[in-house]
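>>> Sequence first, predicted model second:
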Amino acid sequence: MLFAILIKKAYERNLQYRASHIINTVASAAFGLIYVSIWKGVGQPANGGGYTLDNVIHYVAFNQVCLWITLFITNGLGIERSVRTGQISLDLMRPVHLFYHLMCREWGQIGYQLLYKSLPIYLLYVLALDLPVPTSAATWLWTVFALTMAAYMNICINYLIGVTALWTTESNWLFWVHYSLSTVLSGFLIPIDWLPAWLRSISQLSFYPYMQYFPSKIYLGLAQASSVVTGALLWCLILTLLCLGATSLVRRKLEVQGG
């Protein structure tokens, strides 16, 4: 019940800003079209590792659609702001685990962004870029699974970023480090297959490929879903344990800045 209530409240809060969010949606769609135009200018990739120009265009386009699900959420889940205002002390007093509370709230945000940002961009790209629409129900189910796991991982990462504010009072910069790493290691701008060998190895040892690369490849039919499930679930488990451990540390060390 609490899960549903927190999601609903976060979703309804965002509904009040639909008009202003249109600007973000238009800008995001435009950036995706710019990336696609760059690849069209480059032309057919030589030694593309099995990728054709159409594959790359569709890969980049779908990655842009996914951003509002797998990357662009509340910086640090709003924990830094809570530390500065003193709200964190009240949050920790609630009869619900801090991570569970903030995670549920963020799912509402993601649900809103799915409907009002990702979906319009997706429909635009289907019409303007001939982004393929899978006809297999299994492909849709595995894509939804991969995106759900990616969104959850991003929630965990942002939670870990946010709780560092208890020690530094300033954790916003960590979000931008995460964002910068994600643009490269997640395969957002180019497929991971095209990265230098040493950088590709780093990427494959991290959770980043599960946030953009694998969901997009599953959607486009370029990867087997069975090869992704174990890794995605393992990283979700590891990140969950880290979040629970971080919360225990937070409860022992609470330094409130401000009221």
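Perfect, I can see it now.

>>> Give me the most central residue, this protein.
Nearest to the mean C-alpha position of the chain, by Cα atoms, centre = their mean, lies T70 at 1.6 Å.

>>> what's the pLDDT at that residue?
T70 is assigned 92 on the pLDDT scale.

>>> quick one: secondary structure of the residue lying closest to it once chain neighbours are set aside?
Once flanking residues are discounted, T70 sits nearest to A150: 4.2 Å by Cβ to Cβ, 6 or more residues apart in numbering. (Glycine included, C-beta is placed from N, CA and C.) When classified by DSSP: H, G, I helix; E, B strand; the rest coil, A150 comes out as helix.

>>> what about A150, how many neighbours?
Using other Cβ atoms under 10 Å, A150 has 27 neighbouring residues.

>>> can you pull the buried residues of the helix or strand harbouring N158?
Counting by DSSP states H and E, the element that carries N158 is helix 137-163. Buried residues in helix 137-163, defined by neighbour count with 16 or more other Cβ atoms under 10 Å: 139, 142-143, 145-163.

>>> helices or strands up against the next helix or strand after that helix?
Sequence-wise, the next helix or strand downstream of helix 137-163 (DSSP H and E) is helix 165-168. Other helices and strands packing on helix 165-168, by 3 or more Cβ pairs under 8 Å, 6 or more residues apart in numbering; DSSP states H and E, are helix 79-85.

>>> what is the mean pLDDT for stretch 4-11?
pLDDT averaged over stretch 4-11 gives 70.

>>> ok, back up a step: was I right about the residue nearest to T70 contacting L67?
No: the criterion here is Cβ atoms under 8 Å, and A150 misses it with L67 at 10.6 Å.

>>> Quick one: residues contacting the residue nearest to the centre of the chain.
147, 150-151, 154, 211-212, 215 (Cβ atoms under 8 Å, 6 or more residues apart in numbering).

>>> And M153, by the same measure?
If you count contacts by Cβ under 8 Å, 6+ apart, then M153 has 207, 210-211, 232, 235-236, 239 around it.
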